[in-house]
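Asker: 3D model of this:
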Amino acid sequence: MTTTRATDKAETAGKAEKAPRAEKTQDLEKAQRAKKVGEAEEAHRALRRALRHAGIQLPAMDIRPVRRTDGDGYALVNLGECSAPVARALADVIEKGSALPGEVVREREGTS
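Answerer: All right, here's what the predicted structure looks like:
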């Protein structure tokens, strides 16, 4: 019986040592997830503002938090669903905006 009690005490001590480490790991993972959700919220606001400036509204746009238990990955900005006219307007705005960087690159390269 003495051996069993000693073994029980050793197991209890081992668990007590592991508990603070596990809590620190969980706290770190929570902090990482919170940071990623914060980044996604900031990107969500910036995208919504830019779309609004272009006269486009994506009503179902929201944030999807990190789902991985290890904290890796990103929180996602879900653009949701939109009607065909809204999708076309979004495509038009992107096409107009994407022409600008190409022009700048061509000017830097000395081509027209």
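
Asker: what about Ala89, distance to Glu81?
Answerer: 15 Å (CB to CB, to the nearest Å). In short, each C-beta sits where N, CA and C put it, glycine included.

Asker: between these two, point out the one with more neighbours.
Answerer: Ala89 (17 against 11; other CB atoms under 10 Å).

Asker: now name the helix or strand holding that one.
Answerer: Taking DSSP states H and E as the criterion, Ala89 maps to helix 84-109.

Asker: same question for Lys24.
Answerer: According to DSSP H and E, Lys24 maps onto helix 2-53.

Asker: next: Ile63.
Answerer: Under the criterion of DSSP H and E, Ile63 resides in strand 62-64.

Asker: equivalent analysis for Asp72, please.
Answerer: Applying DSSP H and E, one finds Asp72 in no helix or strand.

Asker: helix/strand/coil for the residue nearest to it when sequence neighbours are not counted?
Answerer: The shortest distance from Asp72 to any non-neighbouring residue, by CB to CB, 6 or more residues apart in numbering, is to Val66 (7.8 Å). Assigned with DSSP: H, G, I helix; E, B strand; the rest coil, Val66 falls in the coil class.
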